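Participant: here you go, sequence then predicted model.
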Amino acid sequence: MDSLNLLLDGFGQALTIQNLFYAVLGVFLGTAVGVLPGIGPAMTLALLLPITYSVGPDSALIMFAGIYYGGMYGGSTTSILLNTPGESSSVVTAIEGNKMAKKGRAAQALATAAIGSFVAGTIGTLLLVLFAPSVAGQVVKLGNPSNFALILLALFAVTAVLGTSRLRGFIALFLGLAIGLVGGQTGQSRLTFGNPLLADGIDIVVVAVAIFAIGEALWVAAHLRRRPLEIIPVGQPWMSREDWGRSWRPWLRGTAFGFPFGALPAGGAEIPTFLSYVTERKLSKHPEEFGKGAIEGVAGPEAANNASAAGTLVPLLAIGLPTTATAAIMLLAIQSYGIETGPQLFKDEPDLVWALLASLFIGNTLLLLLNLPLAPLWAKLLQIPRPYLYAGILFFASLGAYSVSFQPFDLAILLVIGLLGLAMRRFGLPVLPLIIGVILGPKLEEQLTTSLQISSGDISTLWSEPVAVIVYVFIALALTAIVVSGLRKPKPEASLNEKDEVNA
Amino acid sequence: MSTAETTPTTSSATESRPGARLVDTAQYGLAAFLAVVGAYIVYDATTLSDGFADQPVQPYAFPYVIGGVLLVLAAMLAIATARGDVPEAADGEDVDLTQPSDWVTVVKLVVVFLANILLIDWLGWAITGAILFVGTAHVLGSRTLIRDVAVGVALSVGTWYGFYSGLGLAIPAGILDGVL
């Protein structure tokens, strides 16, 4: 029961007035910004990264945890009321949720989403508390060759497993790795064009803000809807006894789908939400309602979505590997305090980690208390004039990049990479592999260097550890499967939809 | 993953064009860009010298691999494009892919953005931030200039003071040094 005591200590730290304030602020900001069209949780976090420069690490992380869950919930509100999901993870929620809203059951759809998110988030966080420390305890014993293999696996998985076009995934990954090369980490300046401002590399905050905020704002600007979307009015969310009866099983099943997929290196939220939807359609006593607004079709996928969000924190906190865009930015936030992320995090920074875990429970509860009564207010946010919304995104993105070091040069980098982000959206390149490539590329090089330093240059050290061997076998098998399926079906279906610009 | 049967119809700009074989010619531009980036990375790697004795991974090792793979990917993308591979452009709440892309708006936004970069040292964020907001809002279709200016100034001055007193970060004041 060591974990329990540590968790109670964490609650003690998270429940101070100051940290509670940051938790409330995070949940509030996260929901508000998540509801805003065009802004997902990853962009929210990217835009709010500058705050980490002056707030203490515990307060900032507690706030970010609130934003993380809040942004997730806000996104589902948008998809229910607008039928245009902003994140790939809420695509499935929109199917039945929007149909329910059109039938005048928006309040019930929002309620089952909110309560389902709470249930899944709480169970997911509980599982996180149970698993993450022991996973970290195992991973911390691994040597550099295994860590090298795990990073390779993470890069491979987010690129090859997620998304529809593997070619485009790899293009995005290697562009990210190229950005990660810039600078003088190896003792010599690489790709700096002789510019001393590039000697320390390109700040990842600038890259994240550029790709998520500038790229998205410019892309939307090129395709801004002439006619505003129809917004369905909503009252106070509530559910009848029948709605409860039809919701609770999907919540639990959705959680069971979401958490393991989130915890896997390439799980993400798309597969579990979709699996949950299909399962509920099969198990439902009202299959005729599916496609016309079945509450099970909102309850299950929403729970899966939130449980997967909790699951992604397992590799993030226990191994230091981000597997979603939002997790990647959480990692940046932790690193911006000079805290080494990785399996040793639980041992080196127990206060911080346990306060963060405790604040996840607090944030989840706050979300439920905040969102049920405030839903009509959130819905009003959907009416914000679009010129102000996107001008505001450009404004805060510029401020965020400028505040890194008050150099106009950073703004120029922001613009250049923002234009790259625009091009990526135009050419269907997924954003996640790029951002993971920027973050993990330098780490990959570092682990390889350390491994070979220890073995004095003997390359066989790379497959000297069992975990590394297993990982390489797995990658080889996955690669073979990809090649075989590619040969059988040379032309992938063109009708597949790709919406992984901001994987929650 | 497949959401084809479940999401509303999304037709990318290229799909709506008539013709039996669709070739997205702009994608050749992307392939060329990748080739240039890859080639430059390889060139840059050739300018690096050997690392220190305790550096088993040479500083040019990763650049050679990454640049080389980018060159291969550029070629693969060019071949795929010629075979009729079309991208699926990103969708979103406010994105209407049934209309052709409006690149003029993007260019205007970039101009406003560049103005901010060029002027920020001289005028300071409190002024250029407002210009950035008003300019981009105008480009995006806002036609209420007085309200735009009021919101823009409130945002830029507000964030300046917010950073100064709230976060303890003094954003360079530029021309307003001493006034703010």
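Facilitator: Yep, that arrived. Numbers count the residues shown, from 1 in each chain, chains lettered A, B, ... in the order given.
Participant: stretch A:161-179: which residues count as buried?
Facilitator: Within stretch A:161-179, the residues scored as buried using 16 or more other C-beta atoms under 10 Å in any protein chain shown are A:161-165, A:168-179. C-beta here means a position set from N, CA and C on the backbone, and glycine is covered the same way.
Participant: among the residues you listed, which are in reach of chain B?
Facilitator: When C-beta under 8 Å from any C-beta of the partner chain is applied, the members of the buried residues of stretch A:161-179 adjacent to chain B are A:Thr164, A:Ser165, A:Arg168, A:Phe170, A:Ile171, A:Phe174, A:Leu175, A:Leu177, A:Ala178.
Participant: which non-adjacent residue is nearest B:Tyr161?
Facilitator: Excluding the flanking residues, the one nearest B:Tyr161 by C-beta to C-beta, 6 or more residues apart in numbering or on different chains is B:Leu180, at 7.6 Å.
Participant: where does pLDDT dip in the stretch 101-250 of chain A?
Facilitator: The model of the stretch 101-250 of chain A has pLDDT under 70 over residues A:162-163, A:226-230.
Participant: helices of that one, start to end?
Facilitator: A:106-139, A:144-160, A:166-181, A:204-209, A:215-222, A:241-263 (DSSP state H, counting those that start in this stretch).
Participant: and the residue minimising distance to the centre of chain B, what helix or strand is that in?
Facilitator: By C-alpha atoms, centre = their mean, chain B has its centre lying nearest to B:Val110, at 9.7 Å. Here B:Val110 is covered by helix B:103-123, with elements defined by DSSP states H and E.
Participant: hmm, the helix or strand that that helix is followed by in reach of chain A?
Facilitator: Later in the chain than helix B:103-123, the nearest helix or strand by DSSP H and E is helix B:125-139. Yes - counting by C-beta under 8 Å from any C-beta, chain A has neighbours in helix B:125-139: B:Trp125, B:Gly129, B:Leu132, B:Phe133, B:Val134, B:Thr136, B:Ala137, B:His138, B:Val139.
Participant: then helix B:125-139 to PDB, C-alphas only?
Facilitator: Extracted C-alpha coordinates of helix B:125-139, given in PDB (Å, rounded to 0.1, in the frame of the first residue of the first chain):
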ATOM      1  CA  TRP B 125       4.500  43.900 -28.300                       C
ATOM      2  CA  ALA B 126       1.900  46.200 -26.800                       C
ATOM      3  CA  ILE B 127       1.600  47.900 -30.200                       C
ATOM      4  CA  THR B 128       2.500  45.200 -32.700                       C
ATOM      5  CA  GLY B 129       0.300  42.700 -30.900                       C
ATOM      6  CA  ALA B 130      -2.700  44.900 -31.400                       C
ATOM      7  CA  ILE B 131      -1.700  45.400 -35.100                       C
ATOM      8  CA  LEU B 132      -1.400  41.700 -35.500                       C
ATOM      9  CA  PHE B 133      -4.900  41.100 -34.000                       C
ATOM     10  CA  VAL B 134      -6.600  43.900 -35.900                       C
ATOM     11  CA  GLY B 135      -4.900  43.000 -39.200                       C
ATOM     12  CA  THR B 136      -5.600  39.300 -39.100                       C
ATOM     13  CA  ALA B 137      -9.200  39.800 -37.900                       C
ATOM     14  CA  HIS B 138      -9.700  42.300 -40.800                       C
ATOM     15  CA  VAL B 139      -8.200  39.800 -43.300                       C
END
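Participant: verify the stated contact: B:Ala90 with A:Gly428.
Facilitator: Yes - contact criterion C-beta atoms under 8 Å: B:Ala90 and A:Gly428 qualify, at 7.0 Å.
Participant: who's more crowded, these two?
Facilitator: B:Ala90 (29 against 23; other C-beta atoms under 10 Å in any protein chain shown).
Participant: what segments of chain B are helices?
Facilitator: Counting by DSSP state H, the segments of chain B that form helices are B:26-46, B:61-82, B:103-123, B:125-139, B:145-161.
Participant: so for A:Pro376, which of the ones you listed sits nearest?
Facilitator: helix B:145-161 (24.2 Å; C-beta to C-beta).
Participant: ok, now which ones touch A:Tyr402?
Facilitator: Taking C-beta atoms under 8 Å, 6 or more residues apart in numbering or on different chains, we find A:Tyr402 in contact with A:Pro408, A:Asp410, A:Leu411, B:Ile120, B:Trp125, B:Ile171.
Participant: the fifth one - how many residues pack around it?
Facilitator: Neighbourhood size, B:Trp125 [other C-beta under 10 Å]: 26.
Participant: likewise the first one?
Facilitator: When neighbours are counted by other C-beta under 10 Å, A:Pro408 registers 17.
Participant: check the last one too.
Facilitator: Neighbour count for B:Ile171, taken as other C-beta under 10 Å: 23.
Participant: then the third one?
Facilitator: Applying the criterion other C-beta under 10 Å, we find 26 residues in the vicinity of A:Leu411.
Participant: show the pLDDT at it.
Facilitator: pLDDT for A:Leu411: 95.
Participant: contacts only, for it.
Facilitator: Applying C-beta under 8 Å, 6+ apart, the residues near A:Leu411 are A:Ser398, A:Ala401, A:Tyr402, B:Phe113, B:Asn116, B:Ile117, B:Ile120.
Participant: contacts only, for the fifth one.
Facilitator: Contacts for B:Asn116 (C-beta under 8 Å, 6+ apart) come out as A:Ser398, A:Leu411, B:Thr128, B:Gly129, B:Ile131, B:Leu132.
Participant: including distance to B:Tyr164, could those residues go into JSON lines?
Facilitator: Below are these laid out as JSON lines (distance: C-beta to C-beta, whole Å):
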{"residue": "A:Ser398", "distance to B:Tyr164": "17"}
{"residue": "A:Leu411", "distance to B:Tyr164": "20"}
{"residue": "B:Thr128", "distance to B:Tyr164": "16"}
{"residue": "B:Gly129", "distance to B:Tyr164": "14"}
{"residue": "B:Ile131", "distance to B:Tyr164": "20"}
{"residue": "B:Leu132", "distance to B:Tyr164": "19"}
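Participant: need the buried ones from these selected in ChimeraX.
Facilitator: Command for ChimeraX, covering only those of the contacts of B:Asn116 found buried under the criterion 16+ other C-beta under 10 Å:
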select /A:398,411 /B:128,129,131,132
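Participant: pull the most distant pair out of the contacts of B:Asn116.
Facilitator: Across the contacts of B:Asn116, the two lying at the largest distance from each other (C-beta to C-beta) are A:Leu411 and B:Ile131, at 13.2 Å.
Participant: quick one on the thing from earlier: and the helices of chain B, which is most packed in?
Facilitator: helix B:125-139 (a mean of 24; mean count of other C-beta atoms under 10 Å in any protein chain shown).
Participant: what's the pLDDT at the residue nearest to the centre of chain B?
Facilitator: 96.
Participant: touching, it and A:Leu422? I think so.
Facilitator: No - using C-beta under 8 Å, B:Val110 makes no contact with A:Leu422, being 9.5 Å away.
Participant: shared neighbours of those two, anything?
Facilitator: A:Leu218.
Participant: if we can go back for a sec, and the angle from the helix holding B:Val110 to helix A:215-222?
Facilitator: Put simply, helix B:103-123 runs at 130 degrees to helix A:215-222, going by axes from the mean of the first three to the mean of the last three C-alpha atoms, to 10 degrees.
Participant: and helix B:103-123, how far from the chain's centre?
Facilitator: Centroid separation for helix B:103-123 versus its chain: 13 Å, with C-alpha atoms, centre = their mean, to the nearest Å.
Participant: with just CA atoms, put it into CSV.
Facilitator: Extracted as CSV, the C-alpha positions of helix B:103-123 are listed here (Å, rounded to 0.1, in the frame of the first residue of the first chain):
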residue,chain,number,x,y,z
TRP,B,103,-4.6,31.3,-50.8
VAL,B,104,-5.0,35.1,-51.1
THR,B,105,-6.2,35.2,-47.5
VAL,B,106,-3.3,33.1,-46.3
VAL,B,107,-0.8,35.5,-48.1
LYS,B,108,-2.4,38.5,-46.5
LEU,B,109,-2.2,36.8,-43.1
VAL,B,110,1.5,36.1,-43.7
VAL,B,111,2.1,39.7,-44.6
VAL,B,112,0.5,40.9,-41.3
PHE,B,113,2.6,38.3,-39.5
LEU,B,114,5.8,39.5,-41.1
ALA,B,115,4.9,43.1,-40.1
ASN,B,116,4.8,42.0,-36.5
ILE,B,117,8.2,40.3,-36.8
LEU,B,118,9.8,43.4,-38.4
LEU,B,119,8.2,45.9,-36.1
ILE,B,120,8.3,44.2,-32.7
ASP,B,121,11.8,45.3,-31.7
TRP,B,122,11.0,48.9,-32.5
LEU,B,123,7.4,49.3,-31.5
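Participant: good, we can wrap up now.
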